[in-house]
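> can't give you the sequence, but here's the structure:
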Ligand code: G6P
């Protein structure tokens, strides 16, 4: 049986609202549904979340819900006639005092009081993800005067970045704070924080999540130049998060596209070293917004992220607003499976020379060492409360599937993001202790994952339901009577 190890995150939107399309997405392999809080009302998000959970349950699937906070993206205000067209060499001004709904060919308002303070003559500003580029020529008390370097259309509310980063608004806006409460109410599994600058931004998000009574794992979106400027800041951000996202849209604009590939590899590597899950996002199948088939370059991009050993690859507009959402998920699933055949996806020399920090981590890593070196091992069973043990296991490259056995809904969904981890609902405390191993292996027999004669590794702790309590690794021979 071949399991796809790399997980698929797909953004929901108008193209994927109907129960029919959602069902097809889930059947095609959707593992994590992303709700983008930049668009839509709380009621719309709640309705989508409910549908995802209903349809997933109907098919016995575990699909996690990820809420993505809008964050402090700095945007221009509106034009009197919705859009303008700029040509190279044109002069254009950004003004903190110009009326917000009356932009024109010469000037547009902007809701960012520190704009003039934060920008210098010579800075390059990128509008609409870099489609229009300008250089600051001079400044006044409330305006930047620019010259257009790359022209194009500019319309209402387009985003603005500075090359090299540094337009710094605090990471959590009033809307984000309200959405953190909404996420708690919806019992979301993951919550993505947009534009965090450093660990402190994540700590604040964590505090607000706790105050709201939420338990979502926090995903730091790495999308500012400051966040990747040095290893200390990047690692601090990773440590303060439960998972990270390589958010290549804004990141690419700020650091330049040429730097992006190297940084993607570094973020994935560092996330895994810190035992965190990692999502690779943005434009992975962009052409599939309008085409039923990806380009070779897109195939290669997804495959390379798989080879970098990302936990998940993500779809944005392709599944939210595109014409071929189901085809996009199907194509992604196919490409992931293909790339996972490559030997670098299956063999690990990771952490061989390293000291481990925790007892459960040691058991998890010993499990992977055994699974990768003892050919008869067909599956790993991890009895888990929070999903931590299988998360650590899945940091190690392997072709052996890892099954998270847990009685908790939140853990069942959360594991949907981890590479090579699959969920089986299971409560060891409901059984006499001597029946647990047999019952667990029976679950895999029932699913056709193993057969008599195979080996299975099972991890657990002395008592049930203790987070961090894993201290035992058993090697079980399927078919023998197990205790
Ligand atoms: C299950 C097992 C326990 C183990 C725990 C680990 O509840 O029955 O024996 O201690 O998982 O959970 P964790 O969240 O640390 O992976």
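Arrived safely. Keep in mind that this is a model prediction, so the values were computed, not measured.
> C-alpha only now, for contacts and for neighbours.
Noted.
> Contacts for stretch 122-139 next, please.
Here stretch 122-139 makes contact (Cα atoms under 8 Å, 6 or more residues apart in numbering) with 116, 119-121, 144-154, 158-163, 249-250, 253.
> These in helices, which ones?
116, 249, 250, 253 (DSSP state H).
> From the residues you listed, list the buried ones, please.
Among those, those buried by neighbour count (16 or more other Cα atoms under 10 Å) are 116, 249, 250, 253.
> Would you mind giving the ones in helices among the contacts of stretch 122-139 as JSON lines with pLDDT and distance to residue 190 added?
Listed next are the ones in helices among the contacts of stretch 122-139 as JSON lines, based on pLDDT from 0 to 100; distance: Cα to Cα, whole Å:
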{"residue": "116", "pLDDT": "86", "distance to residue 190": "36"}
{"residue": "249", "pLDDT": "92", "distance to residue 190": "20"}
{"residue": "250", "pLDDT": "92", "distance to residue 190": "21"}
{"residue": "253", "pLDDT": "91", "distance to residue 190": "26"}
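> For these, name the two members farthest from one another.
Greatest spacing in the ones in helices among the contacts of stretch 122-139, by Cα to Cα: 116 and 249 (24.3 Å).
> Now the lowest-mean-pLDDT helix or strand in the chain: buried residues?
Least confident helix or strand of the chain, by mean pLDDT, DSSP states H and E, is helix 343-346 with a mean of 76. With burial defined by 16+ other Cα under 10 Å, the residues of helix 343-346 counted as buried are 345, 346.
> Tell me the gap between that helix and the middle of its chain.
With Cα atoms, centre = their mean, to the nearest Å as the basis, helix 343-346 stands 22 Å off its chain's centre.
> Centre of the chain to the next helix or strand after that helix, how far?
Toward the C-terminus, helix 343-346 is succeeded by helix 359-373 as the next helix or strand (DSSP states H and E). Taking Cα atoms, centre = their mean, one finds the center of helix 359-373 at 25 Å from the center of the full chain.
> right, quick check: helix 359-373 against the ligand, any contact?
No: using Cα under 6 Å from any ligand atom, helix 359-373 stays clear of the ligand, with a minimum separation of 6.9 Å.
> next SSE after that helix?
strand 377-383.
> near the ligand, which residues of this structure?
383-389, 428, 460-470.
> circling back to that earlier point, mark which of the contacts of stretch 122-139 are buried, thanks.
By 16+ other Cα under 10 Å, those give 116, 119, 144-151, 154, 159-163, 249-250, 253 as buried.
> So which of these belong to strands?
144, 145, 146, 147, 148, 149, 150, 154, 160, 161, 162 (DSSP state E).
> What sits closest to the second one if chain neighbours are left out?
Meaning residue 145. residue 93 (4.6 Å; Cα to Cα, 6 or more residues apart in numbering).
> Looks like the one you found contacts residue 108 (just checking).
Yes: assessed by Cα atoms under 8 Å, residue 93 is found in contact with residue 108 at 6.5 Å.
> Could you list the low-confidence segments of this protein?
Scanning the chain for pLDDT under 70 picks out 349-352.
> Break it down into its domains, please.
7-72+170-340, 83-162, 359-478 (the TED database).
> still on that earlier bit, which of residue 93 and residue 108 has more neighbours?
Neighbours of residue 93 and residue 108, each counted by other Cα atoms under 10 Å, are more numerous for residue 108; the result is 25 against 22.
> And the more buried one, how close does it get to the ligand?
52 Å (Cα to the nearest ligand atom, to the nearest Å).
> Just confirm that residue is within a strand.
Yes: counting by DSSP: H, G, I helix; E, B strand; the rest coil, residue 108 is located in a strand.
> Let me see the contact set for it.
76, 77, 78, 79, 93, 94, 95, 98, 100, 102.
> now, which of those residues sits nearest residue 267?
For the contacts of residue 108, the nearest to residue 267 is residue 76 (30.1 Å; Cα to Cα).
> Just give me the neighbour total for the closest one.
Using other Cα under 10 Å: residue 76 sits among 25 other residues.
> Can you name the residues bridging to it?
Beta bridges link residue 76 to residue 110, judged by DSSP bridges.
> Could you do residue 65 as well?
Counting by DSSP bridges, the residues bridging with residue 65 are residue 33.
> my read: residue 283 touches residue 316, true?
Yes: applying Cα under 8 Å, one finds residue 283 in contact with residue 316, separated by 7.2 Å.
> Can you pick out the residue with more neighbours from these two?
Using other Cα under 10 Å as the criterion, residue 283 and residue 316 rank with residue 316 on top: 23 against 20.
> Which residue comes closest to residue 17 once chain neighbours are left out?
residue 48 (6.9 Å).
> which residues touch the strand or helix carrying that neighbour?
According to DSSP H and E, residue 48 maps onto helix 42-58. Helix 42-58 is contacted by residues 12, 17, 19, 22-23, 26, 33, 35, 62-63, 65, 182, 186 when judged by Cα under 8 Å, 6+ apart.
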